[in-house]
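Undergrad: starting from these lines, generate the structure:
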Amino acid sequence: MKHRLLWKLLLISVVPVIAVIILVVWLAIDQLAADYFMTLMDKYDVSPTETHQMFLAAVHRYLVWATLAALAVALLLGYLLTRRVLRPMSQMAAITRQFAAGNFSGRVAVSSRDEIGQLGLAFNRMADSLEKLERLRKSMVADVAHELRTPLTNLRGYLEGLSDEVIPPSQGMFRMLLQEILRLVHLVEDLQQLAKADAAKAFLNRRPISLRALIEQLLALYRPQLEEKKIDVLYRFAPGGDHVSADPDKLLQALRNLIENAWKYSPLNGRITIETTPTAEGNGIRVSIANNGPAIAPEDLPFIFERFYRADRSRSREGGGAGIGLAIVKELINAHGGQVGAESRPDETCVWLTLPVAH
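TA: Model prediction:
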């Protein structure tokens, strides 16, 4: 393909140009020579026929040699320059074959800023995205397998023990087996919520929603857990309108995940602060949910919204979940056209989101 395209470009760009130039020169010399010798014949009263033919033959001969030399030089230079221009495209073809084989590490060497160079940059950005998606896919499969392995192994071991009558049945044993089954159910529900969050943008039922009413509803729902850990909740709502344009069910799910995380990671006698403020652009509202407790390490902070990411990889679901909650929040808020982020300093972590205001 590369060589066919190369020769097509050369034939289109070089041969017609040289042919037209030689034809014009050929005809011009023939016409000028005829006029010149006609002038000589009139001035000196001589017959120019033989001299005229000798002159034209010599000029035509040199034109033929000049044409061949020009064509050779033009083809050589055109070949080298065109091959240099087309090199990124041939690299893209080779790298695409690597992509098809599952290797996403290849990149195009970009050496120019023209249209081909811009195409190479766009191709490299696409390759980066594909490599990241493939890495996330493999990580997700491994994490799902890890999350399923522990409860399934426990269930298998205890059920085999009960079946072989090695372990006597008891009320406590059945409660433990039920707990393991519920862990599996919760994981499947989390995965289902994540899949729904991925498709949320196409199924948003937007309408004006009061953030204050929604947050107060959630705090009432979590009041028993908050009172059990003696957590103080402080909230400050922006003066004026607090209405955003959002899907109530999906926004409720995102805020519930954030408040549940804040409650879960707050220490005994801790504090949760909920605050709403206008965004800098003035076209949205920022919701911040902060809790005191252990800080998130700076190297982990940029990745806490990734699927299945956990700062402590050895942490079980009882100690903090599978790392899906914040990924669901990110997908849901992005579907609304908002943004999410997090800040952490000693003894306090703040997770925030932005939403467009209702008009």
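Undergrad: any buried residues in the helix or strand where A220 lies, and which?
TA: Using DSSP states H and E, A220 sits within helix 211-221. Using 16 or more other CB atoms under 10 Å as the burial criterion, the residues of helix 211-221 that qualify are 211, 214-215, 218-219. The way it works is simple: take the backbone N, C-alpha and C, and place the C-beta from them, glycine included.
Undergrad: so how far is stretch 280-291 off the chain centroid?
TA: Averaging C-alpha positions (CA atoms, centre = their mean, to the nearest Å) puts stretch 280-291 25 Å from its chain's average.
Undergrad: contacts for it, please.
TA: 211, 215, 238, 242, 244, 255, 258-259, 262-263, 265-266, 270-279, 338, 348-357 (CB atoms under 8 Å, 6 or more residues apart in numbering).
Undergrad: next step: those residues restricted to helices.
TA: Those of those mapping onto helices are 211, 215, 255, 258-259, 262-263, 265, per DSSP state H.
Undergrad: wait, which of these is closest to A66?
TA: Ranked by distance to A66 (CB to CB), the ones in helices among the contacts of stretch 280-291 are led by L258 at 79.1 Å.
Undergrad: mind listing what's buried in stretch 154-174?
TA: 155, 158, 162.
Undergrad: just put those residues in JSON lines and tack on secondary structure, distance to Q98 and pLDDT.
TA: Putting the buried residues of stretch 154-174 into JSON lines (DSSP: H, G, I helix; E, B strand; the rest coil; distance: CB to CB, whole Å; pLDDT from 0 to 100) gives the following:
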{"residue": "L155", "secondary structure": "helix", "distance to Q98": "42", "pLDDT": "84"}
{"residue": "Y158", "secondary structure": "helix", "distance to Q98": "47", "pLDDT": "82"}
{"residue": "L162", "secondary structure": "helix", "distance to Q98": "52", "pLDDT": "83"}
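Undergrad: can I get the residues you listed in CSV including distance to R206?
TA: Shown next, in CSV, are the buried residues of stretch 154-174 (distance: CB to CB, whole Å):
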residue, distance to R206
L155, 43
Y158, 48
L162, 52
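Undergrad: what's the domain layout of this structure?
TA: 2-103, 138-198, 206-356 (automatic domain parsing).
Undergrad: end to end on the longest one, go ahead and measure it.
TA: Terminal residues of domain 206-356 are spaced 11 Å apart (CA to CA, to the nearest Å).
Undergrad: quickly list what E343 is bridged to.
TA: E343 forms beta bridges with C350, as assigned by DSSP bridges.
Undergrad: which ones are touching it?
TA: Taking CB under 8 Å, 6+ apart, we find E343 in contact with 301, 349-350, 352.
Undergrad: recalculate using a threshold of 10 Å.
TA: Under the criterion of CB atoms under 10 Å, 6 or more residues apart in numbering, the neighbours of E343 are 288, 290, 295-296, 301, 349-352.
Undergrad: pull out the buried residues from those residues.
TA: Buried among these by 16+ other CB under 10 Å: 288, 290, 296, 301, 349-352.
Undergrad: and which of those is nearest I116?
TA: L301 (38.7 Å).
Undergrad: picking up where we left off before, which of the ones in helices among the contacts of stretch 280-291 tops the neighbour count?
TA: A262 (26 neighbours; other CB atoms under 10 Å).
Undergrad: thought it was touching V233?
TA: Yes - contact criterion CB atoms under 10 Å: A262 and V233 qualify, at 9.1 Å.
Undergrad: who touches both of the two?
TA: 222, 226, 270-274, 291.
Undergrad: tell me which of those residues fall in strands.
TA: Taking DSSP state E, the ones among the shared contacts of A262 and V233 that sit in strands are 271-274, 291.
Undergrad: need the CA coordinates for stretch 208-222. CSV is fine.
TA: Taking Å, rounded to 0.1, in the frame of the first residue of the first chain, the C-alpha atoms of stretch 208-222 are listed here in CSV:
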residue,chain,number,x,y,z
PRO,A,208,-34.5,21.7,38.9
ILE,A,209,-33.5,20.2,42.3
SER,A,210,-32.9,21.9,45.7
LEU,A,211,-29.5,20.7,46.9
ARG,A,212,-30.4,21.7,50.5
ALA,A,213,-33.5,19.5,50.5
LEU,A,214,-31.6,16.6,48.9
ILE,A,215,-28.7,16.8,51.4
GLU,A,216,-31.1,17.1,54.4
GLN,A,217,-32.9,14.0,53.2
LEU,A,218,-29.7,12.1,53.1
LEU,A,219,-28.5,13.3,56.5
ALA,A,220,-31.9,12.1,57.9
LEU,A,221,-31.3,8.7,56.3
TYR,A,222,-27.8,8.4,57.8
